[in-house]
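In: here are the coordinates; sequence isn't available:
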């Protein structure tokens, strides 16, 4: 199996594919999408994770998130929500050690019970009962 970290897959925009880009970041549709139109927002500078982003890179990534969100909802009106997240470190599931954010479109009924959303990274913690 080819190692996506050697050389870093996300440092090569041509190999990753770019849907949109600005000076500091680019957006690429995920090769292994969780849902249709799942997109990655990737800073151009090779940095390990979200906490290493500069303020300018945060703004650049957010600009692309907004563009991609509008594009997705325009071309697919069944999208009614999104999950936005990032894995930080191997223990959290990060497999490509170059910061990237996932924008995952969600549709009504795509899972039986969406309660807890991103909490499902720890499956037995996704569903919970609120204390009164």
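Out: Perfect, I can see it now. What you see is a predicted model, and the numbers here were worked out from it, not measured in a lab.

In: list the buried residues for the host helix or strand of residue 71?
Out: Assessed by DSSP states H and E, residue 71 sits inside helix 55-75. When burial is assessed from 16 or more other Cβ atoms under 10 Å, helix 55-75 yields the following buried residues: 57, 60, 61, 63, 64, 65, 67, 68, 69, 72. In short, each C-beta sits where N, CA and C put it, glycine included.

In: partner residues bridging the residue positioned nearest the centre of the chain?
Out: By Cα atoms, centre = their mean, the mean C-alpha position of the chain lies nearest to residue 102, the distance being 0.5 Å. Per DSSP bridges, the residues bridged to residue 102 are residue 40, residue 85.

In: number of residues surrounding the closest residue to residue 56 other than its chain neighbours?
Out: Distances taken as Cβ to Cβ, 6 or more residues apart in numbering put residue 24 closest to residue 56, at 6.1 Å, once the chain neighbours are dropped. If you count neighbours by other Cβ atoms under 10 Å, residue 24 ends up with 18.

In: just use 47 as the starting number from now, easier for me
Out: All right, first residue 47 from here; so that's residue 70.

In: tell me the pLDDT at residue 70?
Out: Looking at residue 70, its pLDDT reads 98.

In: now residue 110
Out: The pLDDT attached to residue 110 in the predicted structure is 97.

In: same thing with the one 10 residues further on?
Out: Looking at residue 120, its pLDDT stands at 96.

In: can you tell me how far it is from residue 113?
Out: In this view, residue 120 and residue 113 are 11 Å apart by Cβ to Cβ, to the nearest Å.

In: for residue 160, same thing?
Out: When Cβ to Cβ is the yardstick, residue 160 and residue 113 sit 25 Å from each other.

In: returning to what we had before: which ones are touching the residue nearest to the centre of the chain?
Out: With contacts taken as Cβ atoms under 8 Å, 6 or more residues apart in numbering, residue 148 has the following neighbours: 76, 80, 84, 85, 86, 129, 130, 131, 132.

In: need the residues you listed in CSV with neighbour count, pLDDT and distance to residue 49, can you?
Out: As requested, these are arranged in CSV below (neighbours: other Cβ atoms under 10 Å; pLDDT from 0 to 100; distance: Cβ to Cβ, whole Å):
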residue, neighbour count, pLDDT, distance to residue 49
76, 16, 92, 18
80, 12, 92, 22
84, 18, 96, 22
85, 25, 96, 23
86, 24, 96, 18
129, 16, 94, 27
130, 12, 96, 27
131, 15, 95, 24
132, 17, 96, 21
